[in-house]
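Chemist: got a predicted structure plus its sequence, pasted below:
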Amino acid sequence: GKSDRRLALFRFSPANYAYGRGYTGGWPDSWLDGMTDTQRLIMEPPYNHRLDRKSLKMSEDGKAVSVETGSRADFKKEFDEAVFGRTYF
């Protein structure tokens, strides 16, 4: 019937809503040229931390202290590769 179509952009969605890391191509290298590693990390598209997403661990004063990486078990990645043909589903 006649109705408005709505589209939700997930660029800034919470990571737990974004499990499609394997389907995002990322930004063109020319857009990332000149950025620090921390800036590049922040520009990552949304996807869940368990899909090897790096995140900043912050101190009380708001300064980045270290980079942490969440990860899935290797056997799960191997399963996804065998079934879906990619490391991330």
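Modeler: Structure received.
Chemist: C-alpha from now on. contacts and neighbour counts both.
Modeler: Noted.
Chemist: show residues contacting the lowest-mean-pLDDT helix or strand in the chain.
Modeler: Ranked by mean pLDDT, DSSP states H and E, the helix or strand of the chain with the weakest confidence is strand 64-69, at a mean of 78. Under the criterion C-alpha atoms under 8 Å, 6 or more residues apart in numbering, residues 49, 52-59 lie in contact with strand 64-69.
Chemist: would you map the strands across the protein?
Modeler: Ranges of strands within the chain are 54-58, 64-69, based on DSSP state E.
Chemist: returning to that earlier point: pLDDT, neighbour count and distance to T69 added to the contacts of strand 64-69, as JSON lines?
Modeler: Formatted as JSON lines, these follow (pLDDT from 0 to 100; neighbours: other C-alpha atoms under 10 Å; distance: C-alpha to C-alpha, whole Å):
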{"residue": "H49", "pLDDT": "68", "neighbour count": "18", "distance to T69": "7"}
{"residue": "D52", "pLDDT": "77", "neighbour count": "15", "distance to T69": "6"}
{"residue": "R53", "pLDDT": "77", "neighbour count": "18", "distance to T69": "6"}
{"residue": "K54", "pLDDT": "80", "neighbour count": "18", "distance to T69": "4"}
{"residue": "S55", "pLDDT": "80", "neighbour count": "17", "distance to T69": "6"}
{"residue": "L56", "pLDDT": "81", "neighbour count": "15", "distance to T69": "9"}
{"residue": "K57", "pLDDT": "82", "neighbour count": "12", "distance to T69": "10"}
{"residue": "M58", "pLDDT": "82", "neighbour count": "12", "distance to T69": "14"}
{"residue": "S59", "pLDDT": "83", "neighbour count": "10", "distance to T69": "17"}
